[in-house]
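In: Using only what follows, build the 3D model:
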Amino acid sequence: MARVSVTYENHIAHVRLTRADKMNAVDQDMIEAIIKAGQEVAASDARACIVSGEGKAFCAGIDITGLSGMMGKEPADALMPRTHGDGTTNQWQEVAMVWHRMEVPVIAAIHGVCFGAGIQLALGADIRIAAPGTRFAVMEMKWGIVPDMGGMVLLPKLVRSDVLRRMTYTAEQVAAEQALDWGLITEIAEDPQAAALGLATTIAGKSPSAIRAAKRLIAIAESEDDATILEAESRLQAELIGKPHQMEVIAAEMGKRPAVFK
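Out: Okay, the predicted model is just below:
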């Protein structure tokens, strides 16, 4: 049975976890399907992407039967090889990092629960929109382990150190309102799927080359020194000015019409 569906409409990729009967809990088949979906979207001409879950939840975390399958084996043999992401990630980490590396903006539309592997998947998105009543948890400590699916790369970029530590040490569930206050999510919406679609539609209507450049620039701004950031601002701007997409933006603005990009 398929674990993930990928469809495209109006330059927007819709990626849906489809294991609704298990609240989209992540097993080996879903790990492979999420990575494959990310690779497919990355190779497409999509201008934005929405990741969501079918049924009652976004993702309830790792299917614990998958964890029990590692018992009696040497964990380092499975965890330490860098098999994905140009030699930077293992397969579990790639579940989140494939979206973090995506050249186009990724929006997670979240509802129900977003636990463990689910929260790390959502952290791979640029923007997270949650329904009222959604619950979040860094769940790994419940099972006596630590977050290991990219969460320690992504979560410190969003929340204070004390929040990071509290969520990691306790595995306690956090309500959407608290998650918003802490910076874990971007906004709360009654219909996160509709809100994500509206935002993705706005993004897809902008210059595709400028949006991709902006995402690259933001990544540099979040991690590099001042001189590197200033150089990147100038270099990326020089690559955009006067090019077809930017000229179409100007023409559309002058003509008071939507831009049409080739």
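In: wait, residue 56 sits on residue 20?
Out: Yes: with contact defined as CB atoms under 8 Å, residue 56 counts as touching residue 20 (7.2 Å). In this view, the C-beta of every residue, glycine as well, is placed from N, C-alpha and C.
In: ranges for the strands of the stretch 51-200 of the chain?
Out: 106-110, 113-115, 127-130, 135-137, 174-175, 187-188 (DSSP state E, counting those that start in this stretch).
In: Tabulate these (JSON lines), appending mean neighbour count and distance to residue 200.
Out: As requested, the strands of the stretch 51-200 of the chain are arranged in JSON lines below (neighbours: other CB atoms under 10 Å; distance: least, CB to CB, whole Å):
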{"stretch": "strand 106-110", "mean neighbour count": "29", "distance to residue 200": "6"}
{"stretch": "strand 113-115", "mean neighbour count": "28", "distance to residue 200": "19"}
{"stretch": "strand 127-130", "mean neighbour count": "26", "distance to residue 200": "9"}
{"stretch": "strand 135-137", "mean neighbour count": "21", "distance to residue 200": "22"}
{"stretch": "strand 174-175", "mean neighbour count": "18", "distance to residue 200": "26"}
{"stretch": "strand 187-188", "mean neighbour count": "16", "distance to residue 200": "14"}
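In: So for residue 168, which of those strands sits nearest?
Out: Closest to residue 168 of these is strand 135-137 (CB to CB; 10.2 Å).
In: Residues contacting that closest one, please?
Out: The contact list for strand 135-137 (CB atoms under 8 Å, 6 or more residues apart in numbering) reads 61, 112-116, 119, 130, 167, 171-176, 179, 184-185.
In: 10 Å instead?
Out: Residues from elsewhere that reach strand 135-137, judged by CB atoms under 10 Å, 6 or more residues apart in numbering: 57-58, 60-61, 110, 112-116, 118-119, 122, 128, 130, 167, 170-176, 178-179, 182, 184-185.
In: Return a selection command, for use in ChimeraX, containing the buried ones of those residues.
Out: Applying 16 or more other CB atoms under 10 Å to the contacts of strand 135-137, the buried members can be selected in ChimeraX as follows:
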select :57,58,60,61,110,112,113,114,115,116,118,119,122,128,130,167,174,176,179,182,184,185
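In: Let me know the pLDDT of the residue nearest the centre of the chain.
Out: The residue lying closest to the centre of the chain (CA atoms, centre = their mean) is residue 125, at 2.0 Å. pLDDT for residue 125: 98.
In: how close does residue 182 sit to residue 166?
Out: The gap separating residue 182 from residue 166 is 9 Å, by CB to CB, to the nearest Å.
In: can you give me the helices in the protein?
Out: Ranges of helices in the chain, per DSSP state H, are 28-43, 64-68, 75-79, 91-100, 117-123, 151-154, 161-170, 176-182, 192-204, 208-221, 226-240, 244-255.
In: from the middle of its chain, how far away would the shortest one be?
Out: Same thing as helix 151-154. 12 Å (CA atoms, centre = their mean, to the nearest Å).
In: Show me what it is in contact with.
Out: By CB under 10 Å, 6+ apart, helix 151-154 touches 88-89, 93, 96-97, 99-100, 116-117, 119-125, 138, 140, 146-147, 164, 167-168.
In: With distance to residue 134 as new columns, can the helices of the chain be given to me in a markdown table?
Out: Formatted as a markdown table, the helices of the chain follow (distance: least, CB to CB, whole Å):
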| stretch | distance to residue 134 |
| --- | --- |
| helix 28-43 | 20 |
| helix 64-68 | 21 |
| helix 75-79 | 29 |
| helix 91-100 | 18 |
| helix 117-123 | 10 |
| helix 151-154 | 18 |
| helix 161-170 | 15 |
| helix 176-182 | 4 |
| helix 192-204 | 8 |
| helix 208-221 | 25 |
| helix 226-240 | 34 |
| helix 244-255 | 36 |
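In: how about residue 6, what does it touch?
Out: For residue 6, the contacting residues are 13-16, 33, 36-38, 40-41, 44, 46, 49, by CB under 10 Å, 6+ apart.
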